[in-house]
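Visitor: Take this sequence and fold it.
(one chain, ligands or ions: 4)
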Amino acid sequence: MPEIIPSNHNPPLILVADDDKMTRIGLRQAMEQEGYQVVEANDGEACLAIYARMRPDVVLLDAIMPCRDGFTCCVQIQRMSGGTRTPVLMITGLEDQESVDQAFAAGAVDYITKPIHWAVLRQRVRRLIQQVRLYQQLEQANHELQRLASFDGLTQVANRRRFDEYLQQEWQRMLRDQTSLSLIMCDIDCFKLFNDTYGHQAGDDCLRQVANVIQNAAKRSLDLPARYGGEEFAVILPTTEQEGAIQVAHAIQVGVRELAIAHTSSKVKSIVTVSLGIATAIPSPITSPELLITAADKALYQAKDEGRDRYST
Ligand code: GH3
Ligand code: MG
Ligand code: MG
Ligand code: MG
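Guide: Numbering: from 1, shown residues only. Ligands and ions are numbered 1, 2, ... in the order given. Predicted coordinates for the structure are as follows:
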């Protein structure tokens, strides 16, 4: 399960949790002067409820409060999904070493004692906001990298790398469950002639449209349509018998025909068509996913041999 990313408030949102009204007023003023938004909680219970609902960027947390003390709140915040990414700064009258240790053990990133030294507080919060922003940028960049590493830029379906990874994974899972794994290989007919006739740009556009048809035909959440290479697509269909795979292959074949993309130089029809090969297996320890690919490839060549614009098993 991906963790919920704390929301990116603009301006940054600071949660001030303190049972003392004067302290809350002072903190609110100081934070608003910095240009931040402020939300207040007057006890531990309210602090957790507001945190869960609003996902502030930074929490300024008192130690001694009714309902739940600050140390408990700090621990609870860390336990919420994404909570470890929210910096908690303890602001307290407690100066003994035990309290300091308890605060950091609970997950606080900083500790300031009352009476508050306002200039220091401002700088500390500024630093925390910078860190939060940097972290959010890194997360976004990482997310984008993951996407680039797994998806084909032209067609937006999974790329070969993701295909290989997913096939291995599902093979192992079907091996444990002893259920059928199906694979469809799909190749555009006379695509070289299409490029020669209409140009490479039109060829790319055709690939995008065919990918879209394949994606619509393989709709179950576990199905994985992928660009296997050039003008060849593959569809991984976990927990699917041959009949189910035939249905998907048929839907792709019909869907591509219905696109009615003109292809006057095709040897098959005057529109773009595809040929498909289907293979199904219950994984066993002595076989491998490569054999499933070989079988689907063989079926694809049979469909080509028999005249294209068809599927074979
Ligand atoms: P067949 O019916 O037997 O599959 O014939 P074909 O012409 O489709 O097969 P072949 O493998 O000879 O040609 C595939 C062509 O696909 C060659 C290449 O120009 C084209 N192709 C591969 N990748 C791309 C791409 O990313 N964009 C475009 N526009 N064309 C591509
Ligand atoms: Mg207090
Ligand atoms: Mg082809
Ligand atoms: Mg090909």
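Visitor: If you tally nearby residues, what's the number for N195?
Guide: 16 (other Cβ atoms under 10 Å). All C-beta spots, glycine's among them, are computed from the backbone N, C-alpha and C.
Visitor: Wait, it touches D205, no?
Guide: No: taking Cβ atoms under 8 Å as the definition, N195 is not a contact partner of D205, at 11.3 Å.
Visitor: Run the contact check for the strand or helix carrying A296 versus ligand 4.
Guide: In this structure, A296 sits in helix 289-305 according to DSSP states H and E. No: judged by Cβ under 5 Å from the ion, helix 289-305 makes no contact with ligand 4; its nearest approach is 8.8 Å.
Visitor: Please identify the buried residues of that helix?
Guide: Judged by neighbour count using 16 or more other Cβ atoms under 10 Å, the buried positions of helix 289-305 are P289, L292, I293, A295, A296, D297, A299, L300, A303, K304.
Visitor: Reformat the residues you listed as JSON lines; add distance to ligand 1 and pLDDT.
Guide: Written out in JSON lines, the entries for the buried residues of helix 289-305 read as follows (distance: Cβ to the nearest ligand atom, whole Å; pLDDT from 0 to 100):
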{"residue": "P289", "distance to ligand 1": "23", "pLDDT": "96"}
{"residue": "L292", "distance to ligand 1": "21", "pLDDT": "97"}
{"residue": "I293", "distance to ligand 1": "17", "pLDDT": "98"}
{"residue": "A295", "distance to ligand 1": "18", "pLDDT": "98"}
{"residue": "A296", "distance to ligand 1": "15", "pLDDT": "98"}
{"residue": "D297", "distance to ligand 1": "12", "pLDDT": "98"}
{"residue": "A299", "distance to ligand 1": "14", "pLDDT": "98"}
{"residue": "L300", "distance to ligand 1": "9", "pLDDT": "98"}
{"residue": "A303", "distance to ligand 1": "10", "pLDDT": "98"}
{"residue": "K304", "distance to ligand 1": "5", "pLDDT": "98"}
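Visitor: just the residues you listed now: which is nearest R127?
Guide: Within those, the smallest distance to R127 is 50.1 Å, found for P289 (Cβ to Cβ).
Visitor: Show me what the helix or strand of the chain with the lowest mean pLDDT is packed up against.
Guide: Taking all helices and strands of the chain together, the one with the lowest average confidence (mean pLDDT, DSSP states H and E) is helix 118-150, at a mean of 94. Counting contacts by 3 or more Cβ pairs under 8 Å, 6 or more residues apart in numbering; DSSP states H and E, the secondary-structure elements packed against helix 118-150 are helix 21-33, strand 58-61, strand 88-92, strand 110-113, helix 160-177.
Visitor: what about this structure, any weak spots by pLDDT?
Guide: Judged by pLDDT under 70, the chain has its weakly predicted residues at 1-7.
Visitor: ok, now which ones touch A41?
Guide: Applying Cβ atoms under 8 Å, 6 or more residues apart in numbering to A41 gives the contacts L15, V16, A17, D18, C47, A49, I50.
Visitor: Would you mind measuring from E98 to F71?
Guide: 11 Å (Cβ to Cβ, to the nearest Å).
Visitor: More neighbours: those two, which one.
Guide: Under the criterion of other Cβ under 10 Å, the comparison of E98 against F71 puts F71 first, with 21 against 8.
Visitor: Need the residues that contact stretch 44-52.
Guide: Residues outside stretch 44-52 that contact it (Cβ under 8 Å, 6+ apart) are 15, 17, 39, 41, 56, 59, 61, 65-70, 72-73, 76-77, 80, 83, 86.
Visitor: how about 7 Å then?
Guide: Residues outside stretch 44-52 that contact it (Cβ atoms under 7 Å, 6 or more residues apart in numbering) are 15, 17, 39, 41, 59, 65-69, 72-73, 76-77, 80.
Visitor: for stretch 131-143, same thing?
Guide: Under the criterion Cβ under 7 Å, 6+ apart, external residues in contact with stretch 131-143 comprise I5, N8, D57, V58, R85, P87.
Visitor: so what's the spatially closest residue to A295 that is not a sequence neighbour up against?
Guide: In space, and not counting its chain neighbours, A295 is closest to A279: 3.6 Å by Cβ to Cβ, 6 or more residues apart in numbering. Counting by Cβ under 7 Å, 6+ apart, A279 touches S182, L183, L292, A295, A296, A299.
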